[in-house]
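Visitor: Sharing a model prediction with you, sequence too.
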Amino acid sequence: MPIPSQAAESPGQRPFGKGPAVSLFTLGTMRALTGPSQLQEVLEAAVAIGINHLETAPAYGQSECYLGLAIKRLAIKPKQLVITSKILPGMNLAAAKEQLQRSLERLGITHLNNLAVHGINLKQHLAWALAGPGAEFMAWAQGEKLVGQVGFSSHGSPELISAAISSGCFAFANLHLHLFDPLRLPLAQMALARGMGVLAISPADKGGQLYAPPALLLQHCAPFQPLELAYRFLLAQGISSLSLGAAKPSDLNWAEKLANADGPLTAEESRAIENLHQQERQRLGDSHCGQCRECLPCPNQVPIPEMLRLRNLALGHNMLSHAKERYAMAGNAGHWFEQHNASVCAECGNCIPRCPLNLPIPALLAETHQLLASKPGRRLWD
């Protein structure tokens with residue numbers, strides 16, 4: 001059964017599952033961790049511009065502790081905030097209960113608005129949440145009124161995310177949704193149609209390092225800034241909230257400017273986005289990957305669409321730094337990212353007849369590896 005959503009409480013807020021409405025931007029607290037005063041400064045600035053949704057996790061270093069201190073020092077009333085924390089899948093019931101209690105203690109609260117299963121990336125993670133110890137834990141947490149609603153985040157396959165959404169067990173989903181990677185947008189629309197809240201994970205950083213765009217990308221997005229256009233694209237799709245990992249108050253400038261910008265795309269914005277895509281296609285020519293995914297599955301498990309998407313960005317918009325960073329994570333970030341990069345292509349050619357654009361995929365993968373291979377990367381919190 002679809003989860004009924006709650007009407008937004010004020011301008012600049014949207015429903016988020018069964019819980020309180022949230023601001024269009026969410027303050028992610030994983031990047032303001034040099035000390036309590038840094039997070040306090042960022043939180044004060046965020047609240048001042050109307051941000052009420054805060055996202056933290058035990059995995060984010062001292063985030064919960066610093067956030068609890070900041071809330072106390074700023075004398076912010078609990079009802080002013082909507083707080084989301086997370087729990088990793090795989091724990092037994094006792095360990096999960098203990099972690100939740102510790103989170104509440106660090107945050108200085110008795111009730112968590114939202115608790116997300118942090119990274120339903122594999123089938124066993126979903127099984128843990130739906131029928132294993134995770135299901136028992138979440139029923140207990142809600143029964144004890146320690147948690148308002150339960151959701152999930154995922155870096156997994158579209159099929160896995162679809163199964164999680166369709167289960168009816170979650171009230172919200174945190175997904176990678178980006179202007180330059182619309183793969184999961186249909187999943188977001190599916191979740192929204194069921195009354196779930198949807199949070200876009202890091203559309204500024206993981207969406208393309210858009211806070212530091214290359215000159216060519218600036219040209220392709222004109223007259224808008226790339227980050228502005230990316231934010232507006234997602235808000236116009238109805239996404240509940242966009243996460244923003246601010247390290248200093250000035251990182252909130254676009255969130256302040258767009259705090260109430262939740263309407264449909266303007267004609268000028270639509271033209272800019274179309275021009276952006278057109279410029280990419282023109283620069284790539286007949287080697288442009290259309291991201292149809294017909295090339296899958298690959299017998300060597302090469303994530304062909306993702307590899308060629310990074311090539312599209314590197315050559316289409318000179319987003320080389322971002323493409324290299326993401327490429328370096330393949331095979332080096334566990335289940336949080338792709339398990340292989342383009343170098344494991346065996347040139348079997350199985351993908352070639354399936355490609356509607358007749359792309360020479362093995363050759364393009366070899367070129368992608370040569371273009372993007374660098375020092376292996378890792379996740380922020382590994």
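Guide: Noted; the coordinates are in hand. Residues are numbered from 1 along each chain as shown.
Visitor: Buried ones in stretch 287-300, by neighbour count?
Guide: By neighbour count on 16 or more other CB atoms under 10 Å, the buried set for stretch 287-300 is 287-289, 295, 298. Where C-beta positions appear, they are placed from N, C-alpha and C, glycine not excepted.
Visitor: er, stretch 199-214 I mean
Guide: So, applying 16+ other CB under 10 Å, buried residues of stretch 199-214: 199-210, 213-214.
Visitor: With stretch 352-367 instead?
Guide: 355, 359, 361-362, 364-365, 367.
Visitor: Narrow those to those in helices?
Guide: 361-362, 364-365, 367 (DSSP state H).
Visitor: out of those, who's nearest residue 55?
Guide: residue 365 (35.3 Å; CB to CB).
Visitor: residues contacting the residue nearest to that closest one when sequence neighbours are not counted?
Guide: Spatial nearest neighbour of residue 365, excluding adjacent residues (CB to CB, 6 or more residues apart in numbering): residue 342 at 4.0 Å. When contacts are counted by CB atoms under 8 Å, 6 or more residues apart in numbering, residue 342 touches 302, 307, 365-366, 368-369, 372.
Visitor: dump the residue contacts of the nearest residue in space to residue 335 that is not next to it in sequence.
Guide: Nearest non-adjacent residue to residue 335, counting by CB to CB, 6+ apart: residue 121, 4.3 Å away. By CB under 8 Å, 6+ apart, the contact list for residue 121 reads 154-156, 160, 335-336.
Visitor: Check whether residue 121 sits in a helix, strand or coil.
Guide: Here residue 121 is coil, with the state taken from DSSP: H, G, I helix; E, B strand; the rest coil.
Visitor: do the same with residue 152
Guide: strand.
Visitor: So what's the residue count around it?
Guide: 28 (other CB atoms under 10 Å).
Visitor: distance of it from residue 241?
Guide: Residue 152 is 15 Å from residue 241, where distance means CB to CB, to the nearest Å.
Visitor: One more: residue 234?
Guide: Taken as CB to CB, the span from residue 234 to residue 241 is 9 Å.
Visitor: Model confidence at residue 78, what's the number?
Guide: pLDDT recorded at residue 78 is 83.
Visitor: List the contacts of it.
Guide: Residue 78 neighbours (CB under 8 Å, 6+ apart): 109, 111.
Visitor: likewise the one 10 residues further on?
Guide: When the contact criterion is CB under 8 Å, 6+ apart, the partners of residue 88 are 58-59, 117-119.
Visitor: All the helices of the stretch 51-200 of the chain, in order from the start?
Guide: Using DSSP state H, counting those that start in this stretch, the helices found in the stretch 51-200 of the chain span residues 63-73, 93-107, 123-130, 133-143, 158-166, 185-193.
Visitor: Minimum distance to residue 276: which of the ones you listed has it?
Guide: Of the helices of the stretch 51-200 of the chain, nearest to residue 276 by CB to CB is helix 185-193, at 15.8 Å.
Visitor: Run the angle between the closest one and helix 158-166 for me.
Guide: Helix 185-193 and helix 158-166 are oriented at 0 degrees to each other (axes from the mean of the first three to the mean of the last three CA atoms, to 10 degrees).
Visitor: Who are the packing partners of helix 185-193?
Guide: Helix 185-193 sits against helix 158-166, strand 172-175, strand 197-200, with contacts defined as 3 or more CB pairs under 8 Å, 6 or more residues apart in numbering; DSSP states H and E.
Visitor: which residues of this structure score low on pLDDT?
Guide: The chain contains residues with pLDDT under 70 at 1-9, 375-382.
Visitor: Can you tell me which of the contacts of residue 121 has the largest number of neighbours?
Guide: residue 154 (26 neighbours).
Visitor: thinking that one is in contact with residue 173, fair?
Guide: Yes. The pair residue 154 and residue 173 passes the contact test of CB atoms under 8 Å, sitting 7.1 Å apart.
Visitor: Check the contact lists of those two and give me the overlap.
Guide: Looking at what touches both residue 154 and residue 173 (by CB under 8 Å, 6+ apart), the common residues are 161, 164.
Visitor: in the stretch 251-382 of the chain, which spans are helices?
Guide: 253-257, 267-284, 304-317, 320-329, 361-372.
Visitor: Save the ones you listed as JSON lines, and put in distance to residue 29 too.
Guide: Shown next, in JSON lines, are these (distance: least, CB to CB, whole Å):
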{"stretch": "helix 253-257", "distance to residue 29": "14"}
{"stretch": "helix 267-284", "distance to residue 29": "30"}
{"stretch": "helix 304-317", "distance to residue 29": "28"}
{"stretch": "helix 320-329", "distance to residue 29": "22"}
{"stretch": "helix 361-372", "distance to residue 29": "31"}
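Visitor: Which one of the ones you listed lies nearest to residue 42?
Guide: helix 253-257 (11.3 Å).
Visitor: Can you dump the C-alpha atoms of that closest one in CSV for me?
Guide: In CSV, the C-alpha atoms belonging to helix 253-257 read as follows (Å, rounded to 0.1, in the frame of the first residue of the first chain):
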residue,chain,number,x,y,z
ASN,A,253,24.7,30.3,-0.8
TRP,A,254,22.8,28.4,-3.5
ALA,A,255,20.6,26.8,-0.9
GLU,A,256,19.7,30.3,0.3
LYS,A,257,19.1,31.6,-3.2
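Visitor: residues touching residue 25, list them.
Guide: Contacts of residue 25 by CB under 8 Å, 6+ apart are 51, 53, 241-244, 252, 255, 258-259.
Visitor: As CSV, the residues you listed with neighbour count and distance to residue 92 would be great.
Guide: Shown next, in CSV, are those (neighbours: other CB atoms under 10 Å; distance: CB to CB, whole Å):
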residue, neighbour count, distance to residue 92
51, 27, 35
53, 29, 30
241, 28, 32
242, 26, 34
243, 21, 29
244, 25, 34
252, 20, 39
255, 23, 39
258, 18, 43
259, 18, 42
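Visitor: Quickly name whichever of those residues is closest to residue 128.
Guide: residue 243 (24.1 Å).
Visitor: Okay, and the closest one sits in which element?
Guide: Residue 243 is located in strand 241-245, with elements delineated by DSSP states H and E.
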